[in-house]
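Undergrad: predicted coordinates and the sequence they were generated for:
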Amino acid sequence: MTAAVVEVRDLVKTYRETNALDGVSFTLQENKLYGLLGRNGAGKTTVMSILTGQGFETSGHVSVFDRHPYENQSVLSRMCFIRESQKYPDDFTPGNAFRAASMFLHNWDGALCQQLIKDFELPTNRKIKKLSRGQLSAVGVIIGLASRAELTFFDEPYLGLDAVARQIFYDRLLADYSKFPRTIVLSSHLIDEVANLLEHVIVLDHGQVLMDADTDDVRGSAFTVIGKRGLVEDFIAGREVIHRDAFTAFASVTVQGALSDLERREANELGLEIAPVSLQQLIVRRTTRHAEDEFGGQIKPELEEVR
């Protein structure tokens with residue numbers, strides 16, 4: 001049994017009359033790669049800000065390395081928080097940022113930092129405020145990886161990277177994580193891109209935990225049935241429906257659960273198509289369904305798209 005690095009119980013964060021977090025509970029184990037996923041405004045950044053001592057909870061229990069993180073240097077020195085909106089002094093260059101990081105992050109690896117600078121082709125003497133968005137993202141990614149902190153949070157700092165640079169980040173992350181295991185939390189909207197990296201996913205929606213499971217358990221936990229409408233409806237009878245697209249004569253229905261070999265043969269004999277559901281599709285379907293439930297079956301326009 002691995003040790004718990006983070007324990008969160010019944011966490012509530014209220015801004016005026018709005019609950020940004022509403023009874024959130026989860027545990028992060030040591031040496032595991034997590035995905036903290038969800039829609040814009042789901043509460044992901046709020047959770048990470050509290051866990052990294054940049055904010056405090058309204059109520060509930062928060063423990064990081066068995067202590068509360070707020071203004072606790074013994075805890076904060078063991079973690080690294082990289083966010084998309086990372087701020088640096090106006091006159092800083094990437095070289096300045098890396099030197100500063102090396103002084104505060106105890107596990108800093110200078111050789112890895114230098115290799116990543118080459119990988120991302122980052123100019124280290126140009127002022128950060130004059131960098132492109134992609135170059136600015138690379139600064140954060142390099143600090144997060146080279147920190148080798150026991151607990152590292154990436155709050156979408158890699159969104160400014162192009163597809164090639166993002167793949168470099170994923171490759172370097174996996175390679176270094178395999179050699180130097182630690183607890184890493186990725187918050188991302190690019191779910192399909194990061195799905196194969198993740199060992200465990202925590203999905204937040206409207207300030208609550210919607211899913212908390214190992215990725216292996218999530219894979220295969222839902223499927224889509226496509227075919228003639230009547231046959232589809234008969235086949236899925238009694239199952240939990242996550243999403244339904246119905247046409248005049250045909251239907252495509254996503255349901256929760258796994259299929260037995262016998263059920264797959266039955267579907268084949270009926271001429272029904274069984275399609276797997278990706279992690280991104282499952283999260284989109286589950287969060288959209290949550291919105292439908294909240295608004296009486298009608299999704300507000302601003303909730304229709306998961307960004």
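TA: Perfect, I can see it now. Numbering: from 1, shown residues only.
Undergrad: for the chain, just list every one of the helices.
TA: Along the chain, the stretches classed as helices by DSSP state H are 44-51, 73-76, 94-104, 110-119, 133-147, 163-179, 191-194, 215-218, 229-235, 261-270, 279-294.
Undergrad: out of those, nearest to K127?
TA: With C-beta to C-beta as the measure, helix 94-104 is the member of these nearest K127 (9.1 Å). Where you see a C-beta, it was placed from the backbone N, CA and C, and this is true even at glycine.
Undergrad: just checking, what packs against the closest one?
TA: If you count contacts as 3 or more C-beta pairs under 8 Å, 6 or more residues apart in numbering; DSSP states H and E, helix 94-104 packs onto helix 110-119, helix 133-147.
Undergrad: and if we set it to 7 Å?
TA: The contact analysis (3 or more C-beta pairs under 7 Å, 6 or more residues apart in numbering; DSSP states H and E) places helix 94-104 against helix 133-147.
Undergrad: pull the CA atoms of the helix it packs on into PDB?
TA: Extracted C-alpha coordinates of helix 133-147, given in PDB (Å, rounded to 0.1, in the frame of the first residue of the first chain):
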ATOM      1  CA  ARG A 133       3.200  32.100 -26.000                       C
ATOM      2  CA  GLY A 134       4.700  28.800 -26.900                       C
ATOM      3  CA  GLN A 135       8.100  29.800 -25.500                       C
ATOM      4  CA  LEU A 136       6.500  31.100 -22.300                       C
ATOM      5  CA  SER A 137       4.800  27.700 -21.900                       C
ATOM      6  CA  ALA A 138       8.100  26.000 -22.400                       C
ATOM      7  CA  VAL A 139       9.600  27.900 -19.500                       C
ATOM      8  CA  GLY A 140       6.900  26.600 -17.200                       C
ATOM      9  CA  VAL A 141       7.200  23.000 -18.500                       C
ATOM     10  CA  ILE A 142      11.000  23.000 -18.100                       C
ATOM     11  CA  ILE A 143      10.700  24.200 -14.500                       C
ATOM     12  CA  GLY A 144       8.000  21.700 -13.700                       C
ATOM     13  CA  LEU A 145      10.000  18.800 -15.100                       C
ATOM     14  CA  ALA A 146      13.500  19.800 -13.900                       C
ATOM     15  CA  SER A 147      12.100  20.500 -10.400                       C
END
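Undergrad: list the buried ones in it?
TA: The neighbour-count check on helix 133-147 (16 or more other C-beta atoms under 10 Å) flags 134-147 as buried.
Undergrad: between that helix and helix 94-104, how big is the angle?
TA: 20 degrees (axes from the mean of the first three to the mean of the last three C-alpha atoms, to 10 degrees).
Undergrad: and helix 133-147, what does it pack onto?
TA: Packing partners of helix 133-147 (3+ C-beta pairs under 7 Å, 6+ apart): strand 79-83, helix 94-104, helix 110-119, helix 163-179.
Undergrad: between the third one and helix 163-179, how many degrees?
TA: Angle between the axes of helix 110-119 and helix 163-179 is 160 degrees (criterion: the same axes, to 10 degrees).
Undergrad: report the buried residues of helix 110-119.
TA: L112, C113, Q115, L116, I117, D119.
Undergrad: low-confidence regions, the stretch 1-150 of the chain specifically.
TA: Scanning the stretch 1-150 of the chain for pLDDT under 70 picks out 1.
Undergrad: per-domain residue ranges of the chain.
TA: Domain assignment of the chain by automatic domain parsing yields the ranges 4-214, 218-303.
Undergrad: out of the ones you listed, which is the most enclosed?
TA: Neighbour counts (mean count of other C-beta atoms under 10 Å) averaged over each of those peak at domain 4-214, with a mean of 18.
Undergrad: gap between the two ends of it?
TA: End-to-end distance for domain 4-214: 15 Å, by C-alpha to C-alpha, to the nearest Å.
Undergrad: tell me which residues are up against stretch 113-123.
TA: By C-beta atoms under 7 Å, 6 or more residues apart in numbering, the surrounding residues in contact with stretch 113-123 are P94, F98, T124, Q135, A138, I142, L145, A146, A165, I168, R172.
Undergrad: oops, could you answer that again for stretch 245-253 instead?
TA: Contact partners of stretch 245-253, identified using C-beta under 7 Å, 6+ apart, comprise T224, V225, I226, G227, K228, R229, V232, E233, I236, V241, R244.
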